[in-house]
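Chemist: here's my sequence, what's the structure:
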Amino acid sequence: MDDTDFTEQRAVLLKSIEKDRQEVRVALRELTGAAEQTFDVRERIRSSPLVWAFGAFFVGIWLGSRAHGTDAAGQRRTR
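Modeler: Residues are numbered from 1 along each chain as shown. The predicted model follows:
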């Protein structure tokens, strides 16, 4: 291996390392941005309260029917 091959390989590796560093910086910025966005439940409910009300109603029916051993129509479940 002569010096020119070593120098070329070194230059290629340095470019590759710099490219990887740039990609890590971009990914870190994106991750930081995603972490700064908060999930505000109150705002989500305010934006569409009727959907949340229906959802809560049906989840309540589902949970209630499971607790009492009946399905949503009031029929006794068989095992």
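
Chemist: so which residues of this structure form helices?
Modeler: With DSSP state H, the ranges of helices along the chain come out as 3-36, 41-47, 49-67.

Chemist: got TSV for these, with mean neighbour count and mean pLDDT too?
Modeler: For the C-beta atoms, the positions are set from N, CA and C on the backbone; glycine is no exception. Converted to TSV, the helices of the chain look like this (neighbours: other Cβ atoms under 10 Å; pLDDT from 0 to 100):
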stretch	mean neighbour count	mean pLDDT
helix 3-36	10	91
helix 41-47	10	86
helix 49-67	11	92
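
Chemist: quick one: the residue nearest to the spatial centre of the chain from E23, how far?
Modeler: Ranked by distance to the mean C-alpha position of the chain (Cα atoms, centre = their mean), the top residue is A34 at 9.6 Å. A34 is 16 Å from E23, where distance means Cβ to Cβ, to the nearest Å.

Chemist: what's the answer for L14, then?
Modeler: L14 sits 15 Å away from E23, going by Cβ to Cβ.

Chemist: same deal with K15?
Modeler: Following Cβ to Cβ, the distance that separates K15 from E23 is 13 Å.

Chemist: same check on E30?
Modeler: According to Cβ to Cβ, E30 stands 11 Å off from E23.

Chemist: which residues do these two both contact?
Modeler: The contact sets of E30 and E23 do not overlap (Cβ atoms under 8 Å, 6 or more residues apart in numbering).
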